[in-house]
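1. please find the sequence and the predicted model below.
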Amino acid sequence: MEKFSYRVTDPAGIHARPAGIIVKEASKYNSDIKITANGKEADAKKIFSVMSLGIRSGDEMIITIQGNDEVGAKAALSAVIGENI
C-alpha cells in the first residue's frame, strides 16, 4: 500500500476542474485509489465521489493506493496534484 498527503493550495479548493484532473489520472491505473479528507473517504476514480468530500483551500487530503501498479500511480498522482491543485 502506498500513501501520501497533500494540503490543497488552490483558492477554490477541489471543484469540478481539479476533481476531473484527479479522476482522469487515477483512472489510468488498476489499483484501488481512495482520497480521505474531512473525515470522509471517496473513490478517486469517480468525480462526484471526489467532489462530495468538500475539500477547501488549506484542507489536507490523504491519498491511499493499493494494487499491482500502486508505485507508478503514486508517482503520477502526486505529480499531477502538485502541479494542478
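-> Happy to help now that I have it. Numbering: from 1, shown residues only.
2. ranges for the strands of this structure?
-> Ranges of strands within the chain are 2-7, 32-37, 40-43, 60-66, based on DSSP state E.
3. what mean pLDDT does the shortest one get?
-> Computed over strand 40-43, the mean pLDDT rounds to 98.
4. for it, list every residue counted as buried.
-> The neighbour-count check on strand 40-43 (16 or more other Cβ atoms under 10 Å) flags Ala42 as buried. Glycine gets a C-beta too; all of them are placed from N, C-alpha and C.
5. give me the neighbour count for Cys20.
-> To be clear, residue 20 is Gly; Cys isn't right here. When neighbours are counted by other Cβ atoms under 10 Å, Gly20 registers 14.
6. what pLDDT is listed against the closest residue to it other than its chain neighbours?
-> If the residues on either side of it in the chain are set aside, Gly20 comes closest to Ile47, at 6.0 Å by Cβ to Cβ, 6 or more residues apart in numbering. The predicted local distance difference test score for Ile47 is 97.
7. now swap in the one 3 residues further on and tell me
-> At Val50 the predicted local confidence, pLDDT, stands at 97.
8. contacting residues for it?
-> 14, 19, 22-23, 35, 42-44 (Cβ atoms under 8 Å, 6 or more residues apart in numbering).
9. please redo it, this time with the cut-off set to 7 Å
-> Listed by Cβ atoms under 7 Å, 6 or more residues apart in numbering, the contact set of Val50 reads 14, 19, 22-23, 35, 42, 44.
10. against Ile62, how distant is it?
-> Distance, Val50 to Ile62, using Cβ to Cβ, to the nearest Å: 13 Å.
11. mind checking the pLDDT average for the lengthiest helix in the chain?
-> Longest among the helix segments of the chain by residue count, using DSSP state H, is helix 70-84. For helix 70-84, mean pLDDT is 95.
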